[in-house]
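**Q** structural data only, the sequence is not supplied:
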């Protein structure tokens, strides 16, 4: 038996498809700023929300914190006992990041 194609007649209510318009808009897009523009850190309000501090928990990081704690302890003792110049001790504490 040969295959007989089935032909459907289109109804009169069908309309031809409209042409697809692929043109870009002539007005600029509302992006605010260009993607290649630099932003200042102060202009971004989300940066104030992200306050992170990282600590190195490895053996080397622990040893560095112990050495810093010993230096700060010696400098605080020198500050309270009056050994040396106070301004020099305070500046050294600031350099090492010790609490004054």
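**A** Looks like it arrived, so ask away. Model, not experiment: these values are computed from the prediction.
**Q** and the contacts of stretch 76-90?
**A** 75, 93, 98, 100 (Cβ atoms under 8 Å, 6 or more residues apart in numbering). Yep, even glycine has a C-beta here, placed from its N, CA and C like the rest.
**Q** which residue ranges of the protein form helices?
**A** Assignment of helices within the chain using DSSP state H yields the ranges 59-81, 86-96.
**Q** can I get these in a markdown table including distance to residue 23?
**A** Rendered in a markdown table, the data for those read as follows (distance: least, Cβ to Cβ, whole Å):
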| stretch | distance to residue 23 |
| --- | --- |
| helix 59-81 | 59 |
| helix 86-96 | 63 |
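**Q** in JSON lines: these, plus distance to residue 52 and mean neighbour count.
**A** Output for the helices of the chain, formatted as JSON lines (distance: least, Cβ to Cβ, whole Å; neighbours: other Cβ atoms under 10 Å):
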{"stretch": "helix 59-81", "distance to residue 52": "16", "mean neighbour count": "12"}
{"stretch": "helix 86-96", "distance to residue 52": "22", "mean neighbour count": "13"}
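**Q** rebuild the ones you listed as CSV, extending it with mean pLDDT and distance to residue 24.
**A** CSV is the format used below for the helices of the chain (pLDDT from 0 to 100; distance: least, Cβ to Cβ, whole Å):
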stretch, mean pLDDT, distance to residue 24
helix 59-81, 95, 54
helix 86-96, 94, 58
